[in-house]
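1. Just the structure for this:
(2 chains)
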Protein chains: 2
Amino acid sequence: MTYLPPDDATRARLLDQVHFDDAGLIAAVAQQHDTGEVLMLAWMNRAALDETLRTGRVCYYSRSRGALWRKGETSGQVQTLVDGRLDCDRDAVLLLVEQSGVACHTGRRSCFYNAMRPLGLIEISAPLVSADALYGKN
Amino acid sequence: MTYLPPDDATRARLLDQVHFDDAGLIAAVAQQHDTGEVLMLAWMNRAALDETLRTGRVCYYSRSRGALWRKGETSGQVQTLVDGRLDCDRDAVLLLVEQSGVACHTGRRSCFYNAMRPLGLIEISAPLVSADALYGKN
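-> Have a look, this model is predicted:
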């Protein structure tokens, strides 16, 4: 399945149907489209979702930096959109993506690597690449 | 895989490691453990996550009702926990669950049934059961 972007008018209409919260944000879950692996949860504002739907490259909103966060811009680990879904309340987004490399800034494929187990929090996956390799400090 | 609850002391230590937001909440994504289907996104406070980890039955926090929301208490569509994961920032939860029946209050298996397509928002799944059947109005 290849993502086909809506035209400008349709995209504007789509964005009008999204329920952003009081801060103008919506939670977005990224899932690898073919394996079903949940990769990460991040946030989007209207501009981020607009850019994502327009370009087919996932763009989040960084709450810490207060700016658009084009996933992979620094690390190269881009997410290519396959399909975007809104939930029943239209206040959460599910992004089916093709993840290039790893989703997590720690170098792991998925951010959800801390399992809550009988003995406490345990790491169930190891980094595939180093943060230095991802962020150009090597 | 069967969920094994941590004991009281371990659970308290786990909960201390979770980063709840300023409102005391954390976003929680529920995923069917064997098929990988993303079912819904909801919210938990500390008490909800505590109960979930203690009982192995998923309990959310309803922001609209301002109360614990024991998933399936009214509808019977319970979520049995298989594994709980925290992300790298410890501010999002992934719940691998066994979903009884349907996750969505509309009677659909997943809440993420609105696809953002070239012609606009389209529903890609139909209800499997009626809301009346789920909520006892039949």
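2. measure A:Cys88 to chain B for me?
-> Per C-beta to the nearest C-beta, to the nearest Å, A:Cys88 is found 5 Å from chain B. Bear in mind the C-beta positions are built from the backbone N, C-alpha and C, glycine included.
3. Please name the nearest non-neighbouring residue to that residue.
-> B:Cys111 (4.6 Å; C-beta to C-beta, 6 or more residues apart in numbering or on different chains).
4. mind checking pLDDT for that neighbour?
-> B:Cys111 is assigned 98 on the pLDDT scale.
5. Stretch A:25-40: which residues count as buried?
-> Neighbour counts using 16 or more other C-beta atoms under 10 Å in any protein chain shown place A:25-33, A:37-40 of stretch A:25-40 among the buried residues.
6. next one: stretch A:73-82
-> Buried residues in stretch A:73-82, defined by neighbour count with 16+ other C-beta under 10 Å: A:75, A:77-82.
7. Now do the strands in chain A.
-> A:25-32, A:38-45, A:59-62, A:67-70, A:79-86, A:92-99, A:114-117, A:120-123 (DSSP state E).
8. so the residue nearest to A:Cys88 touches A:Ala92, yeah?
-> Yes: with contact defined as C-beta atoms under 8 Å, B:Cys111 counts as touching A:Ala92 (7.5 Å).
9. Centre-most residue in chain A?
-> A:Ala30 (4.5 Å; C-alpha atoms, centre = their mean).
10. which residues does it bridge with?
-> A:Met40, A:Leu95 (DSSP bridges).
11. That one: what's it in contact with?
-> A:38-42, A:58, A:79, A:95, A:97, A:99, A:103 (C-beta atoms under 8 Å, 6 or more residues apart in numbering or on different chains).
12. Could you check what's spatially nearest to the residue of chain A found nearest chain B, not counting adjacent residues?
-> Closest residue of chain A to chain B, C-beta to the nearest C-beta: A:Gly36 (2.4 Å). Distances taken as C-beta to C-beta, 6+ apart put B:Gly36 closest to A:Gly36, at 2.4 Å, once the chain neighbours are dropped.
13. Do I have it right that that neighbour meets A:His33?
-> No: the pair B:Gly36 / A:His33 is not scored as a contact, 10.5 Å apart, by C-beta under 8 Å.
14. Using CSV, please lay out the strands of chain A together with mean pLDDT.
-> Converted to CSV, the strands of chain A look like this (pLDDT from 0 to 100):
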stretch, mean pLDDT
strand A:25-32, 98
strand A:38-45, 98
strand A:59-62, 98
strand A:67-70, 98
strand A:79-86, 98
strand A:92-99, 98
strand A:114-117, 98
strand A:120-123, 97
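15. Export the ones you listed as a markdown table, with columns for distance to B:Ile124.
-> As requested, those are exported to a markdown table (distance: least, C-beta to C-beta, whole Å):
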| stretch | distance to B:Ile124 |
| --- | --- |
| strand A:25-32 | 15 |
| strand A:38-45 | 19 |
| strand A:59-62 | 23 |
| strand A:67-70 | 27 |
| strand A:79-86 | 8 |
| strand A:92-99 | 11 |
| strand A:114-117 | 31 |
| strand A:120-123 | 35 |
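16. neighbours of A:Ala67, just the number please.
-> Residues within reach of A:Ala67, counting by other C-beta atoms under 10 Å in any protein chain shown, total 11.
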